[in-house]
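Asks: sharing a sequence plus its predicted fold:
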Amino acid sequence: MNSAHSTSGTGSPAVVVTRVSDTQWHAVEDGRTVGRGDASRRPDGRLFISIDAWHREVFDRIADAMPADLPTPLYTVIDEADHESRSAWERAGFAVARREWGYHVPTDPQVTGLASMRPPSDVTILPAGEAAEGPLRALDRAIRDEVEAAVGWHTMPAEVLPRPSGTTLIDPSKYAVAQHLDQYVGLVRVAPLTRQPRIGLIAVRADRHRRGTARALLAQALGSLHRSGTASAWAEVDESNPAATALFEGIGARRTGSTLELVRH
């Protein structure tokens, strides 16, 4: 299990990087932990790593050690505005694979223009917590299969969530669902984070696109947040997804940042 990589500068103690578990690495200098590395596998199978180190030399040592212990490709996610972090990962052989825009999303229906939004006449929106778990899991799998066959699941939000093998839907209570007759056809997930709720995913079955179902789901989710006293939410959209960009910008969401996904092959 354990693997160690050490180095030292002239007249200074050695920095020793050791793999302490399947997913963690520690950098130790003169008996003190001076940096950490973590690895996490996404449900789509891709392996993401992160490094927490104050000093450039320590970051570089961990960034050298982790790829030596792990299979490639490896991925990481950074704030595009953090130029120092981007430079550090590029020194380690990582390159930009894609970009996500971050949006500040108002919840007030008078601001979003969703006050009068109604779902298609043959669709019912079930609020979060009301969907039956079995059909919801079936919809989640079907949508993932459709996305993977089209643009690829890698274009979905670049969140790193450790999940049990094969499990893609952890907490059904966070999902509002669009129902057509007796079938679930769309979903939106809202993570109730302390600082600002996050719209983690909004998706509709391919054969139900362009009917207003996604807007109706968004109206339900944002309206619920507004009634609970939450003024805004957060969402990320892949820059290559014009439909999602149009959906959020069409309700007054403001682009306030961007995230880069980097890869080392």
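Replies: Structure's in. What do you need?

Asks: the protein: helices as residue ranges?
Replies: Taking DSSP state H as the test, the helices found in the chain are 56-69, 83-91, 109-112, 133-149, 213-227, 242-249.

Asks: make TSV from these and add mean pLDDT, mean neighbour count and distance to residue 196 to it.
Replies: Placement of C-beta: from N, CA and C, glycine included. As requested, the helices of the chain are exported to TSV (pLDDT from 0 to 100; neighbours: other Cβ atoms under 10 Å; distance: least, Cβ to Cβ, whole Å):
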stretch	mean pLDDT	mean neighbour count	distance to residue 196
helix 56-69	95	19	29
helix 83-91	97	15	22
helix 109-112	95	16	16
helix 133-149	84	15	24
helix 213-227	94	22	10
helix 242-249	91	15	15
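
Asks: any chance of those in JSON lines, with distance to residue 31 too?
Replies: Shown next, in JSON lines, are the helices of the chain (distance: least, Cβ to Cβ, whole Å):
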{"stretch": "helix 56-69", "distance to residue 31": "14"}
{"stretch": "helix 83-91", "distance to residue 31": "25"}
{"stretch": "helix 109-112", "distance to residue 31": "55"}
{"stretch": "helix 133-149", "distance to residue 31": "47"}
{"stretch": "helix 213-227", "distance to residue 31": "48"}
{"stretch": "helix 242-249", "distance to residue 31": "50"}
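
Asks: out of those helices, nearest to residue 203?
Replies: Closest of those to residue 203 is helix 133-149, at 4.7 Å (criterion: Cβ to Cβ).

Asks: hang on, the earlier thing: nearest to residue 34, out of the helices of the chain?
Replies: Comparison of the helices of the chain against residue 34 by Cβ to Cβ identifies helix 56-69 as nearest, at 5.1 Å.

Asks: low-confidence regions, the chain specifically.
Replies: 1-13, 43, 150-170 (pLDDT under 70).

Asks: not counting residues beside it along the chain, what's closest to residue 196?
Replies: With Cβ to Cβ, 6 or more residues apart in numbering as the measure, residue 234 is the residue that lies nearest to residue 196, at 5.0 Å, once sequence neighbours are left out.

Asks: now residue 178
Replies: Once its chain neighbours are removed from consideration, residue 178 has its nearest residue in residue 186; the separation is 3.6 Å (Cβ to Cβ, 6+ apart).

Asks: and the one you found, how many neighbours does it have?
Replies: Around residue 186 there are 25 other residues, counting by other Cβ atoms under 10 Å.

Asks: quick one, strands of the protein?
Replies: Listed in chain order, the strands of the chain (DSSP state E) span residues 4-7, 15-19, 24-29, 32-41, 47-53, 74-79, 95-106, 123-126, 175-180, 183-191, 198-204, 232-238, 254-264.

Asks: would you turn those strands into CSV with distance to residue 148?
Replies: Putting the strands of the chain into CSV (distance: least, Cβ to Cβ, whole Å) gives the following:
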stretch, distance to residue 148
strand 4-7, 36
strand 15-19, 31
strand 24-29, 30
strand 32-41, 16
strand 47-53, 17
strand 74-79, 17
strand 95-106, 16
strand 123-126, 25
strand 175-180, 19
strand 183-191, 16
strand 198-204, 12
strand 232-238, 14
strand 254-264, 17
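
Asks: what's the closest of the ones you listed to residue 87?
Replies: Evaluated with Cβ to Cβ, those place strand 74-79 nearest to residue 87, the distance being 10.2 Å.
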